[in-house]
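1. here is my input; please provide its structure:
(one chain, ligands or ions: 1)
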Amino acid sequence: MTDQDLLILILVAIYLSECVSWVPITDYVAQFSRLRKGTFHRPGQGLGNDRGRFLFSRVLPFRAGTFTTPQTAGSFDLTAAEQRWQEYQSISRLVAWGSNTTFLLLFLVLPLVWRNLGGESLVLLMAFFLTLVSGLVTGIVHFRAHRKLFPDQRDERWKQACLIAVLPTHACRAHDQLGRQLFREFHPLVLAWLALPQAPFAKCAGRFLRHAVHPLAAGDAPENLPALRQFLDDRGFQLKPPVSAGEATQYCPRCETLFGPTASRCDDCGGLALERC
Ligand SMILES: [Zn+2]
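-> Below you'll find the predicted structure:
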């Protein structure tokens, strides 16, 4: 392995480490760059412990878009959420350009020039300079976009802008990092609706509704249950029982586990009475 290869490998390793972040255990995570074309993760899904877990973002910056929202009651105002998305799309466009340009310079142009023209060439020096300038410009446009989207988060804005401006690998992730807090005042199901196609959203919505209607402890029913029902009604969602399979003709209305005809309660859900499929 040559020195060139080693340096590129180190750069790739640093970049991949930038694609991994730590998310509190209470947060839901959606990853999408186009509406209804993404993924949605519940708290606890993935590698981690009882305080949080690792989140792996999409490696290509132009496909990235990571959003988190806490496991607390939030707004169901979908119109406001969609307006927030449109605003983000418009404001973050330059940051996306900055991230993508820095990525291409760092991982395509620089290695190609170095391999073909050697480490002493003036072209390599220019490509290196361009990469630094691209990172710096990305830091500036990120600062401006962040100020419009999150006017109250001044300290975070300065911290991110400085890191992006001096670390090209961080600049590549600037667009993904920018939207992380965008939907934090909304209910996780609003985020799921924005991220997921119809079928996976219905599965996710069913789980939310079943857990809200049948809380594990008495008195744990969420206060926003009527708003949750209204949101799902407006989306045309209806809770359906699972399909029976052979002898399994009963199910738990909370976890949807199927049971035979002799069972009467689901122990995993606090002894909840079963229902017929
Ligand atoms: Zn159950």
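2. and the strands in the protein?
-> Secondary structure of the chain, counting by DSSP state E: strands at 20-24, 27-31, 39-41, 52-56, 66-70, 250-251, 258-259, 265-266, 272-273, 275-276.
3. columns distance to Arg93 and mean pLDDT on top of those, output as TSV?
-> All C-beta spots, glycine's among them, are computed from the backbone N, C-alpha and C. Formatted as TSV, the strands of the chain follow (distance: least, Cβ to Cβ, whole Å; pLDDT from 0 to 100):
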stretch	distance to Arg93	mean pLDDT
strand 20-24	23	93
strand 27-31	19	95
strand 39-41	23	94
strand 52-56	24	93
strand 66-70	17	94
strand 250-251	48	94
strand 258-259	49	94
strand 265-266	49	94
strand 272-273	49	92
strand 275-276	50	90
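4. looking at the ones you listed, spot the one closest to Leu11.
-> Closest approach to Leu11 among the strands of the chain (Cβ to Cβ): strand 20-24, 15.8 Å.
5. elements contacting that closest one?
-> Packing contacts for strand 20-24, counted by 3 or more Cβ pairs under 8 Å, 6 or more residues apart in numbering; DSSP states H and E, involve strand 52-56, strand 66-70.
6. re the thing from before, closest to Arg235 out of the strands of the chain?
-> Nearest to Arg235 among these is strand 39-41 (14.6 Å), distances taken as Cβ to Cβ.
7. that older thread, and the ion, which of the strands of the chain is closest to it?
-> Using Cβ to the ion as the measure, strand 265-266 is the one of these that comes nearest the ion, at 3.3 Å.
8. near the ion, anything from that closest one?
-> Yes - using Cβ under 5 Å from the ion, strand 265-266 reaches the ion at Cys266.
9. contacts for that strand?
-> For strand 265-266, the external contacting residues (Cβ atoms under 8 Å, 6 or more residues apart in numbering) are 252, 254-255, 257, 259, 271-274.
10. re earlier: so which of the helices and strands packed on strand 20-24 is the most packed in?
-> Ranked by mean neighbour count under mean count of other Cβ atoms under 10 Å, the helices and strands packed on strand 20-24 are led by strand 66-70, which reaches a mean of 22.
11. what angle do that one and strand 27-31 make?
-> Interaxial angle of strand 66-70 relative to strand 27-31 (axes from the mean of the first three to the mean of the last three Cα atoms, to 10 degrees): 160 degrees.
12. partner strands of strand 66-70 and their direction?
-> As defined by DSSP bridges, the strand partners of strand 66-70 come to strand 27-31 (antiparallel).
13. now the strand it pairs with and strand 20-24, what's the angle there?
-> Counting by the same axes, to 10 degrees, strand 27-31 lies at 140 degrees to strand 20-24.
14. looking just at contacts, which helices and strands does the longest helix seen in the chain meet?
-> Longest helix in the chain by number of residues, with DSSP state H as the criterion: helix 122-149. Judged by 3+ Cβ pairs under 8 Å, 6+ apart, helix 122-149 is in contact with helix 78-91, helix 93-104, helix 110-117, helix 154-166, helix 168-172, helix 174-178.
15. tell me which residues of it are tucked away?
-> 124, 127-128, 131, 134-139, 141-143, 145-146, 149 (16 or more other Cβ atoms under 10 Å).
16. out of those residues, flag the one nearest to Leu94.
-> Using Cβ to Cβ, Val141 comes nearest to Leu94 of the buried residues of helix 122-149, at 4.2 Å.
17. just to revisit the earlier point, mean pLDDT lowest where, among the helices and strands packed on helix 122-149?
-> Across these, helix 110-117 has the smallest mean pLDDT, namely a mean of 90.
18. got a list of contacts for it?
-> Helix 110-117 has contacts (Cβ under 8 Å, 6+ apart) with 4, 8, 121, 123-124, 127-128, 131.
19. let's see it at 6 Å
-> With contact meaning Cβ atoms under 6 Å, 6 or more residues apart in numbering, helix 110-117 is reached by 4, 8, 123-124, 127.
20. CA atoms only for it, dumped as PDB, please.
-> Only the C-alpha atoms of helix 110-117 are listed here, as PDB (Å, rounded to 0.1, in the frame of the first residue of the first chain):
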ATOM      1  CA  LEU A 110      -8.200  15.000  -5.300                       C
ATOM      2  CA  PRO A 111      -7.400  11.200  -5.500                       C
ATOM      3  CA  LEU A 112      -7.600  11.300  -9.300                       C
ATOM      4  CA  VAL A 113      -5.300  14.200  -9.700                       C
ATOM      5  CA  TRP A 114      -2.900  12.800  -7.100                       C
ATOM      6  CA  ARG A 115      -2.700   9.400  -8.700                       C
ATOM      7  CA  ASN A 116      -2.300  10.700 -12.300                       C
ATOM      8  CA  LEU A 117      -0.100  13.800 -11.800                       C
END
